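Engineer: model this:
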Amino acid sequence: MTATLNIHMSSCLFCRIVSGEITATIVHQDEQLVAFQDINPQAPMHLLVVPRRHIANLNDLTEEDDAIVGNMVRLAADLAKLRGHSEGGYRTVLNCNANAGQTVFHIHLHVLGGRRFLWPPG
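Structural biologist: Here you go, the predicted structure:
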């Protein structure tokens, strides 16, 4: 199982960004999380917050991951505030699996701001 997990992680785009193997515009990193600019931004501010540890999707979260998810959300709020979007508003999105729009199977929180968003999303 460990060999399979390592093979999957070595092919995971976000694991490769976290490890520094692939270059990204990093805006924050700490022991648990890395945040970087999305390469295909859907708003003037479009950041991704990812855990350093590979977790494929929300369905794979356990009770032990509660702190990671909480820290992801708190970091998103901090980054939006630092970029001047907390007062006007910003959106956070966690997609789970292909039908919801997840294209990279490493959990990631989208943080979008700088334009008006509609509801419901498309």
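
Engineer: After the lowest-mean-pLDDT helix or strand in the chain, which helix or strand is next?
Structural biologist: The weakest-scoring helix or strand in the chain, judged by mean pLDDT, DSSP states H and E, is helix 2-11 (a mean of 57). Next helix or strand after helix 2-11 toward the C-terminus (DSSP states H and E): helix 13-19.

Engineer: List the buried residues of that following helix.
Structural biologist: 13-18 (16 or more other C-beta atoms under 10 Å). All C-beta spots, glycine's among them, are computed from the backbone N, C-alpha and C.

Engineer: who touches that helix?
Structural biologist: 9-10, 22-24, 34, 36, 48, 50, 52, 54, 104, 106, 108 (C-beta atoms under 8 Å, 6 or more residues apart in numbering).

Engineer: out of the residues you listed, which are buried?
Structural biologist: Counted by 16+ other C-beta under 10 Å, those give 9, 24, 34, 36, 48, 50, 54, 104, 106, 108 as buried.

Engineer: For the closest residue to Ile26 other than its chain neighbours, give me phi and psi.
Structural biologist: Distances taken as C-beta to C-beta, 6 or more residues apart in numbering put Phe36 closest to Ile26, at 4.9 Å, once the chain neighbours are dropped. Main-chain dihedrals, Phe36, degrees, to the nearest 10: phi -150, psi 160.
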